[in-house]
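Sequence plus the predicted model coming up.
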Amino acid sequence: MVISVNRRRVQAEQAETDWVNLVAQVRDHGDRAAFAALFRHFAPRVKGFLMKSGASAALAEECAQDVMAVLWQKSHLYDPARASVATWVFTIARNRRIDALRKARRPEPEELSWGPEAEPDQADVFEMQRESERLGDAVARLPEKQRVLIERAFWGDLSHSEIASETGLPLGTIKSRIRLALERLRHVMD
Amino acid sequence: MTIRHHLSEQLLLAHACGQLPEAFNLVVAAHLTLCDECRARAGAFDALGGAVIDAGGGVEMADEAIEAAVARITGFPREAARLPVRAQGVLPTPLADYVGGDLDAVRWRPVGMGVRQAILPTSKDATARLLHIPAGAAMPGHGHGGLELTMVLQGAFLDEGRRYGVGDVEIADEATQHTPVAEAGGDCICLAAADAKLKFSGLLPRLAQPFFRI
């Protein structure tokens, strides 16, 4: 039993690391097979997410295509030391939703990237991916009522005044890791 | 720059959920540009969204979707990695995008008592404006029908015994009746976003309100 759980964990970690590698393949080589693998995993999830956010199946399909096209074009902006691929895809999908359903611009903070030469530290990348997976496990284990509330908030079911800051979410470690990655990035940029 | 007044958890979560009006998103984007602490907190909430989308059941795409996607990207250039362009002026990059330049591109209008403002184009569910308050001068005292975020871009203001400097955000809600005063020694420029019309306590500003769209 213990062995099978561990094996599942190892497989899951490899899978998550694979997404990072697949995005790197897209970024460095324009690898269409890597893109197709990312598409197979993420496009249906983006479509499901947008339909839960109130988009029709047709609009959700179209927007999922757009989201994946952004992933192709902007792969150089993905920083694996600061986010999992799922998180990055989520942010693109959320912004596409604002665009499509609310017809509003979404101002973004100034971009921070490693630029053409520097790369994030591999250990940082590994830790961030592992931390993202832990967060996924923790969310899955939340009491159903709380989990449903979080899902509804992200699907856009709650207005900004209805969204209360959730206590007890295990976000502290992931925040610290992002903070560390930002410090290293700033050091490279300066 | 030491930022002391940060964005609230509630604002950052609503931002991650994509539920803030454009004007508030602008304040958040401007603050995150200057504050890595809040950028990391925002990133943690985004990770929560990543967990939700990853765990959510997918809905099957059309049969030919993947061929269509590959055909589409084949015509798309991938953007090359480049060093990010960082704003050199007073306005943080996302704000400079809205103004179309730095401070010298702002079209100020006087609103009385030496205060000047410029309304920025955003969706109508909330308003965003730049305010220029002369050193030592007060904003007209006002309460709120909703939420108001005020971020300092230059100089500083004092309100209710607290000092707000560059990068700081003051969060005011229905319960707040306040009078920000620009610190002596230099004019104060801020970005203010509100999701409801402000309620002024004096008679004159109330009459003036429709004209100035505060």
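Alright, I've got the coordinates. Numbering: from 1, shown residues only, chains lettered A, B, ... in the order given.

For chain A, which segments are assigned as helices?
A:2-29, A:32-52, A:57-73, A:85-97, A:122-141, A:144-155, A:172-189 (DSSP state H).

Please state the offset of the last one from the chain centre?
This points to helix A:172-189. 17 Å (Cα atoms, centre = their mean, to the nearest Å).

Equivalent analysis for stretch B:31-48, please.
How far stretch B:31-48 lies from its chain's middle: 14 Å, per Cα atoms, centre = their mean.

sorry, back to before: out of the helices of chain A, which one sits most buried?
helix A:85-97 (a mean of 24; mean count of other Cβ atoms under 10 Å in any protein chain shown). Placement of C-beta: from N, CA and C, glycine included.

ok, is that one in contact with chain B or not?
Yes - using Cβ under 8 Å from any Cβ of the partner chain, we find that helix A:85-97 touches chain B at A:A86, A:T87, A:W88, A:V89, A:F90, A:T91, A:A93, A:R94, A:N95, A:R97.

on that earlier part again, I'd like the helices of chain A laid out as JSON lines, including mean pLDDT.
Formatted as JSON lines, the helices of chain A follow (pLDDT from 0 to 100):
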{"stretch": "helix A:2-29", "mean pLDDT": "69"}
{"stretch": "helix A:32-52", "mean pLDDT": "96"}
{"stretch": "helix A:57-73", "mean pLDDT": "96"}
{"stretch": "helix A:85-97", "mean pLDDT": "97"}
{"stretch": "helix A:122-141", "mean pLDDT": "94"}
{"stretch": "helix A:144-155", "mean pLDDT": "92"}
{"stretch": "helix A:172-189", "mean pLDDT": "94"}
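
now the ones you listed as TSV including distance to B:S8?
Shown next, in TSV, are those (distance: least, Cβ to Cβ, whole Å):
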stretch	distance to B:S8
helix A:2-29	31
helix A:32-52	26
helix A:57-73	29
helix A:85-97	20
helix A:122-141	21
helix A:144-155	15
helix A:172-189	15
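
what's the spacing between the closest residue in space to A:L185 that isn't next to it in sequence and B:G49?
Using Cβ to Cβ, 6 or more residues apart in numbering or on different chains and skipping residues adjacent in sequence, the residue nearest A:L185 is A:L112, 5.6 Å away. A:L112 sits 19 Å away from B:G49 when distances are taken as Cβ to Cβ, to the nearest Å.

Neighbour count for the two, which is higher?
B:G49 (24 against 20; other Cβ atoms under 10 Å in any protein chain shown).

Nearest residue to the middle of chain B?
In chain B, the centroid-proximal residue (Cα atoms, centre = their mean) is B:V27; its distance is 1.1 Å.

helix, strand or coil for that residue?
Under the three-state scheme (DSSP: H, G, I helix; E, B strand; the rest coil), B:V27 adopts helix.

In contact with residue 156, which residues are there?
Let's take chain A. A:G156 sits next to A:S53, A:G54, A:R97, A:L101, B:C17, B:G18, B:Q19 when contact means Cβ atoms under 8 Å, 6 or more residues apart in numbering or on different chains.

The chain in question should be chain B.
By Cβ under 8 Å, 6+ apart, the contact list for B:A156 reads B:R163, B:Y164, B:G165, B:V166, B:A182, B:E183, B:G186, B:C188.

and after the longest helix along chain B, which helix or strand comes next?
With secondary structure taken from DSSP H, chain B has its longest helix at helix B:36-55. Next along the chain after helix B:36-55, taking DSSP states H and E as the criterion, comes helix B:65-74.

helices and strands around that following helix, which ones?
Secondary-structure packing of helix B:65-74 (3 or more Cβ pairs under 8 Å, 6 or more residues apart in numbering or on different chains; DSSP states H and E): helix A:32-52, helix A:57-73.

rewinding a little: looking at the residues of helix A:85-97 next to chain B, spot the one nearest chain B.
The closest of the residues of helix A:85-97 next to chain B to chain B turns out to be A:T87 (Cβ to the nearest Cβ; 3.0 Å).

Now do the helices in chain B.
Taking DSSP H as the test, the helices found in chain B are B:9-16, B:22-34, B:36-55, B:65-74, B:93-99, B:203-212.

can you give me the offset of the shortest one from its chain's centre?
If I follow you right, that is helix B:93-99. 10 Å.

in it, what's buried?
Neighbour counts over helix B:93-99 (16 or more other Cβ atoms under 10 Å in any protein chain shown) mark B:T93, B:P94, B:L95, B:A96, B:D97, B:Y98, B:V99 as buried.

give the contact list for the most centrally placed residue in chain A.
Chain A has A:T87 as the residue nearest its centroid, 1.0 Å off, counting by Cα atoms, centre = their mean. Residues near A:T87 by Cβ under 8 Å, 6+ apart: A:S132, B:G43, B:D46, B:A47, B:G49, B:G50, B:A51.

All set now, cheers.
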